[in-house]
Each structure stands twice: as structure tokens, then as C-alpha cells.
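Participant: Provided below for reference: sequence and predicted model.
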Amino acid sequence: MAVGVKLPEISMGVTEATIVGWLKAVGDRVEAGEALVEVETAKSTVEVESPASGTLIEILVAPDDEVEVGAHIAKIRPD
């Protein structure tokens, strides 16, 4: 069963962020805690970490897309 990657709460009062770029591609292996995507808010740019180890099987949002905190942005098939 795939693990959904959600846009985490980045800081107090931030409700959405813009996808800057993916650091991994579909089919890449990722480790839990490894940087997966870079996102930008009005205040900063941060990297979102993978919640699980496995293979990135789907990217749900493209660079420059705005995403709400808590929205699914990718899927990982765990080991």
C-alpha cells in the first residue's frame, strides 16, 4: 500500500506553499527523512522530507503549483 506524502505545516500561520522543484523523480528510491521536494512560502524556502523509505511512485503536483498544507503531493511505495 502506498504512503501519501503530505505538505507538512511549515510554520505558524502558513496555509499554503509553492512547489519550487522536485529533488527526486518517479522511480527513484528514497529514504525516510531524505529531502524530497523544495517548497517556498512567503517567508522562506524549505525542503520537505520523505515520510518513509521506498520508491517514489507518483508526483501529484508540478513545480510552480500552489498547494495547501495537508494536501497530498506524492506517493511512495514502502519497502
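Facilitator: Structure's in. What do you need?
Participant: C-alpha only now, for contacts and for neighbours.
Facilitator: Fine.
Participant: Contact partners for residue 15?
Facilitator: Residue 15 is in contact with 9, 68, 69, counting by Cα atoms under 8 Å, 6 or more residues apart in numbering.
Participant: my bad, should have said residue 72
Facilitator: Residues near residue 72 by Cα under 8 Å, 6+ apart: 4, 5, 6, 7, 60.
Participant: Please report how far the residue located most distally from the centre of the chain lies from residue 42.
Facilitator: The centre of the chain is farthest from one residue, residue 13, which by Cα atoms, centre = their mean lies 19.0 Å away. Distance, residue 13 to residue 42, by Cα to Cα, to the nearest Å: 11 Å.
Participant: what about the spatially closest residue to residue 2 that is not a sequence neighbour, helix or strand, and which?
Facilitator: In space, and not counting its chain neighbours, residue 2 is closest to residue 77: 4.6 Å by Cα to Cα, 6 or more residues apart in numbering. Using DSSP states H and E, residue 77 sits within strand 72-78.
Participant: centre of the chain versus that strand, how much separation?
Facilitator: Taking Cα atoms, centre = their mean, to the nearest Å, one finds strand 72-78 lying 8 Å from the centre of the chain it belongs to.
Participant: State the paired neighbours of it in the sheet, together with their directions.
Facilitator: strand 3-6 (antiparallel), strand 54-59 (antiparallel) (DSSP bridges).
Participant: Return it as CSV; C-alpha atoms alone will do.
Facilitator: Taking C-alpha atoms only, strand 72-78 is exported to CSV below (Å, rounded to 0.1, in the frame of the first residue of the first chain):
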residue,chain,number,x,y,z
HIS,A,72,-1.1,15.0,-0.8
ILE,A,73,1.8,15.9,-3.1
ALA,A,74,3.3,12.4,-3.8
LYS,A,75,3.1,8.7,-3.2
ILE,A,76,5.8,6.3,-2.0
ARG,A,77,5.7,2.5,-2.2
PRO,A,78,7.3,1.4,1.0
